[in-house]
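> Sequence first, then the predicted structure, then my questions.
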Amino acid sequence: MALSYRDIRDARNWKATTGLSSAKFYELVGHFQKVYEDFLGESIEERHKNAKDEATFSTYAVLLFILLYSIKTGSTYDVIAFNFGMDRANAFRNQSFGMSILRMTLAETGDLPKRVYESVGEFQYEMEKHQSLLLDATEQRRQRPGNEQDQKEDYSGKKKGTP
């Protein structure tokens, strides 16, 4: 049985699975639908009529729930596919396509986080509007320099070397 937003019964589970309240979710569905139809020039229903294969998501709410759930839980494509009854390739396609629609939706509603600032002053001005700031400090992989001197400059000394 695939996961469904229709099975969510309380506010805590709405926040746990989507990061939103049910009211905010349904409000976002309306915006998402408008952007989807403006971008593609047709509704989900029209696309299903013209499709050769059976559709994975039947409504805007289903697609949005899959997106928000996968973002909130950090799910891999394997997990998305398992939880929502689709294959991995379809999970990837739906996630990629849906994320582009979601980004356009959040940009249109003014909820897309700003990621580039022209100056430190502009950044400080934007941060003063918020009470708290969350940072993703996950270590990122990078290509190890081939030059030994460059390697020494990059080495922080915090990790033990490998034998």
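Good, I have the coordinates.
> So residue 72 sits against residue 13, correct?
No. Residue 72 is beyond contact range of residue 13, at 11.4 Å (criterion: CB atoms under 8 Å). C-beta coordinates here come from the backbone N, C-alpha and C atoms, glycine included.
> close enough to count as contact, residue 133 and residue 126?
No. Counting by CB under 8 Å, residue 133 stays clear of residue 126, with 10.1 Å between them.
> quick one: contacts for the most centrally placed residue in the chain?
Nearest residue to the geometric centre of the chain (CA atoms, centre = their mean): residue 71, 4.4 Å. Contact analysis of residue 71 by CB atoms under 8 Å, 6 or more residues apart in numbering lists residue 19.
> Quick check: buried residues in the helix or strand that contains it?
Taking DSSP states H and E as the definition, one finds residue 71 inside helix 60-73. Residues of helix 60-73 classed as buried: 60-70 (neighbour count, 16 or more other CB atoms under 10 Å).
> swap in stretch 95-104?
Neighbour counts over stretch 95-104 (16+ other CB under 10 Å) mark 95, 98, 101-102, 104 as buried.
> how much distance is there from that stretch to the middle of the chain?
Offset of stretch 95-104 from its chain centre (CA atoms, centre = their mean, to the nearest Å): 8 Å.
> can you list contacts of the least confident helix or strand in the chain by mean pLDDT?
None of the helices or strands of the chain scores lower by mean pLDDT, DSSP states H and E than helix 148-154, at a mean of 79. Around helix 148-154, the neighbours that count as contacts under CB under 8 Å, 6+ apart are 144-145.
> quick one on the thing from earlier: what mean pLDDT does the helix holding residue 71 get?
Average pLDDT, helix 60-73: 92.
> One more: stretch 23-40?
Summarised as a single mean, pLDDT over stretch 23-40 is 95.
> Can you pull out the residues in contact with that stretch?
Contacts to stretch 23-40, defined as CB under 8 Å, 6+ apart, come from residues 5, 14, 18, 20, 43-44, 47, 60-61, 63-65, 68, 101-102, 104-105, 108-109.
> could you redo the last one with a cut-off of 6 Å?
Stretch 23-40 has contacts (CB atoms under 6 Å, 6 or more residues apart in numbering) with 18, 43, 60-61, 64, 101, 104-105, 109.
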